[in-house]
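Colleague: here is a sequence with its predicted model. Questions after.
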Amino acid sequence: MAVPKQRHTKSRRNKRRASIFLETPVLTLCPKCKKPTRPHTICWNCGYYKGKEVIDVLKKLTKKEKKKREKEIKAKEAEEKKTEKEKPLTWEEMSKR
């Protein structure tokens, strides 16, 4: 079995290990539900990828969880519509009216 000829110093060891570290994952926002997801992957919250539903997330839930989840989705959609209505008019929109 091979044996090292000389001892590696602490600084040499640390220099070697400097490149071995955990990187923070890159996250993007899901365009459908606005939850953080990894890029190029399905959103595990809503099951959408590139604007298409790939996984039916509600399928695996129990009846109570499903109702609760549907209420959350409806509330979020209503909130989005509300914010769209409250948006101030731009000069272009005002000139059209």
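Modeller: That came through fine. Numbers count the residues shown, from 1 in each chain.

Colleague: measure T9 to W91 for me?
Modeller: Using CB to CB, to the nearest Å, T9 is found at 68 Å from W91. For the C-beta atoms, the positions are set from N, CA and C on the backbone; glycine is no exception.

Colleague: now do R13
Modeller: Distance, R13 to W91, by CB to CB: 64 Å.

Colleague: now do A75
Modeller: 33 Å.

Colleague: between the two, which is the more surrounded one?
Modeller: More neighbours surround A75 than the other of A75 and W91, with 10 against 7 (other CB atoms under 10 Å).

Colleague: counting neighbours, what do you get for E65?
Modeller: Residues contacting E65 under the criterion other CB under 10 Å number 11.

Colleague: kindly report the same for V57.
Modeller: Neighbours around V57, by other CB under 10 Å: 19.

Colleague: for the protein, longest helix please?
Modeller: The single longest helix within the chain, with elements called by DSSP state H, is helix 63-86.

Colleague: what residues sit buried inside that one?
Modeller: Across helix 63-86, burial judged by 16 or more other CB atoms under 10 Å covers no residue at all.

Colleague: contacting residues for the residue nearest to C33 when sequence neighbours are not counted?
Modeller: Leaving out its chain neighbours, the residue that sits closest to C33 by CB to CB, 6 or more residues apart in numbering is C46, at 4.3 Å. For C46, the residues meeting the contact criterion (CB atoms under 8 Å, 6 or more residues apart in numbering) are 30, 32-33, 35, 53, 57.

Colleague: pretty sure C46 is in a helix, no?
Modeller: No: secondary structure of C46 (DSSP: H, G, I helix; E, B strand; the rest coil): coil, not part of a helix.

Colleague: and it, how far from K60?
Modeller: Counting by CB to CB, the separation of C46 from K60 is 13 Å.
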